[in-house]
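Enquirer: mind looking at a prediction? Sequence and model below.
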Amino acid sequence: MLEKQEEFRKIVYTVSELLKADGETELSDILNTSELNIEETGYDNWNGGIYFFTVYLSVDIETFVKVRDRIEKIEADLLARFEIGTRHLDSETVSSIRIVPKAQPKIDWTKISGLTTKDHLIKEIEFLKNTMISVSTGGQRIQEINDEYKAIFNSVNKALQRLNFQNPNQFKDLWDWYGKWSSDFATYRERRAYIREIYNSLIQTLQETEESETISVTIDLRGWERIERSINEIRTRQSEASKEEQFQVVGLLCRETIITLAQSVFDEENHPILDDVKVSKTDAKRMLEAYIAVELSGSSNKKLRQFARSTLDLANELTHKRTATKKDASLSSIATLSLINFIGTIEGRI
C-alpha cells in the first residue's frame, strides 16, 4: 500500500500533523518543503513477511548545509513519527529516513540535437521501463516485443552517452532481463520495485532539467558528424563566453561551420558558380549561392531563394565582424543554425 501515492500522501499528512502537535516547527518545515520519494528497500519473510521502505527527503543545498551537523538526529526524529503513522499497516513499515541534498542538474541538451529530443528520450525510457515490468509480470511476451525493445535500448543508450549519463539498465536484451528476474526475484512486486529503482532517479533528473532556449537543429545530422560536432562546440562556447575575444571565437566557429556545410552540399559539376570565379574550398558564400540557384531553381522557388540568400548573407556578415558582443555571438549562432536547418531540409534531412 505504501507504494500507492494516495496512501503515502495520507501517511505524510499524518506525520506532518504529529510534528505540528509536538511543536517541531523545523522538522515540519523540512518535511513540507522537501521533495518526497518512497522506495521499497528490504523484505523479511519472518512471521508472514514484512516489507521495509525508505523515505527520501530531497532538500535544497542551503537547507542541507544548515542541518547536516544534526542530520542523523533529524532523520531519527522523523522516523519515529513515520513509525507511528504506519502502525496500522501489518506487512509494511518505514524503516529509515534519508535526507539528501538536491542540486539543480545541468544537462547540455544540445548534445543530442539531431538525434532525439528531451521529450522523446524520456518517452523511450518510459517504454523500456514499462516493457521490462510487463514481460516480467505476466504481460507481454518477450518474443513479441524484444526486437522493438532492443532498438529503443540502443537509441536511449546512445543519447545517454552523449549526455554523459551512465545507463542504469544493463539489459540490452529482454532475455538477459529474464535471466535476472527468474533467478533473483520470486514475486511480481520485487520485479516492479527493481525496475523502478533503476529508472526513477534518471527519469526525474531528465524531467526537471530545462532545455535551453536556443534555436534547435531539427534536421537529421547522420553523416554530417563534423557539422554536428561544430554545432555542439558553438553552443558550448556561446554559453561560456563573457568577453569580446570569446564572442569572436563563437563567430569564427560559425564561419567554419558554414564552410563545412558548403563543402558538404556543393558539387562543382552540378552547381556552377554564378560569377564564373574559380572558387576556393573556403568560399562558402559562392558555393552556397551556386547550390541554392540550382536546388531552388524556377519561379515558384523565388522567395525561398531570397530567404536562403538573406540568411546566408546575414550569417556571413555576422561571422566576419571584427568586433563582437554577446548579442553578435547569439545572432551569429541563430543565423548559422537556421542556415543548417534550411540547407538540410533541401537535402531531405527531415
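Expert: Perfect, thanks for sending it. Numbering: from 1, shown residues only.

Enquirer: and Ile99, what helix or strand is that in?
Expert: Applying DSSP states H and E as the criterion places Ile99 in strand 92-102.

Enquirer: what's next to the helix or strand where Tyr194 lies, contact-wise?
Expert: Using DSSP H and E, Tyr194 falls within helix 188-208. For helix 188-208, the external contacting residues (C-beta atoms under 8 Å, 6 or more residues apart in numbering) are 3, 37, 39-40, 43, 51, 104-105, 107, 118, 121-122, 125-126, 128-129, 132-133, 136-138, 165, 168-169, 181, 185. For every residue, glycine as well, the C-beta is placed using N, CA and C.

Enquirer: which among those residues end up buried?
Expert: 3, 37, 39-40, 51, 107, 118, 121-122, 125, 128-129, 132-133, 136, 165, 169, 181, 185 (16 or more other C-beta atoms under 10 Å).

Enquirer: so which of those residues sit within helices?
Expert: Lys118, Leu121, Ile122, Ile125, Leu128, Lys129, Met132, Ile133, Ser136, Trp181 (DSSP state H).

Enquirer: output the helix or strand of the chain with the lowest mean pLDDT in CSV with nothing but the alpha carbons.
Expert: Ranked by mean pLDDT, DSSP states H and E, the helix or strand of the chain with the weakest confidence is helix 302-319, at a mean of 76. In CSV, the C-alpha atoms belonging to helix 302-319 read as follows (Å, rounded to 0.1, in the frame of the first residue of the first chain):
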residue,chain,number,x,y,z
LYS,A,302,11.9,32.7,-55.9
LYS,A,303,11.0,33.6,-52.4
LEU,A,304,12.8,30.5,-51.0
ARG,A,305,16.0,31.6,-52.9
GLN,A,306,15.6,35.1,-51.5
PHE,A,307,15.2,33.8,-48.0
ALA,A,308,18.2,31.4,-48.3
ARG,A,309,20.4,34.2,-49.7
SER,A,310,19.3,36.6,-47.0
THR,A,311,20.1,34.0,-44.3
LEU,A,312,23.5,33.3,-45.9
ASP,A,313,24.3,37.0,-46.2
LEU,A,314,23.4,37.6,-42.6
ALA,A,315,25.4,34.7,-41.3
ASN,A,316,28.3,35.7,-43.5
GLU,A,317,28.2,39.3,-42.3
LEU,A,318,27.9,38.5,-38.6
THR,A,319,30.6,35.9,-38.6
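
Enquirer: next secondary structure after it?
Expert: helix 326-346.

Enquirer: would you mark the buried spots in the helix or strand harbouring Ile227?
Expert: Assigned by DSSP H and E, Ile227 falls within helix 225-240. Of the residues in helix 225-240, Ile227, Glu228, Ser230, Ile231, Asn232, Glu233, Ile234, Arg235, Arg237, Gln238 count as buried by neighbour count, 16+ other C-beta under 10 Å.

Enquirer: helices or strands up against that helix?
Expert: Counting contacts by 3 or more C-beta pairs under 8 Å, 6 or more residues apart in numbering; DSSP states H and E, helix 225-240 is packed against helix 244-265, helix 326-346.

Enquirer: any weak-confidence spans in the stretch 101-250 of the chain?
Expert: Residue ranges of the stretch 101-250 of the chain with pLDDT under 70: 103-106, 113-114, 210-216.

Enquirer: quick check: the residue lying farthest from the centre of the chain vs Arg286, distance?
Expert: Here the centre of the chain is the reference, and by C-alpha atoms, centre = their mean the most remote residue is Asp276, at 47.8 Å. Going from Asp276 to Arg286 by C-beta to C-beta, to the nearest Å gives 10 Å.
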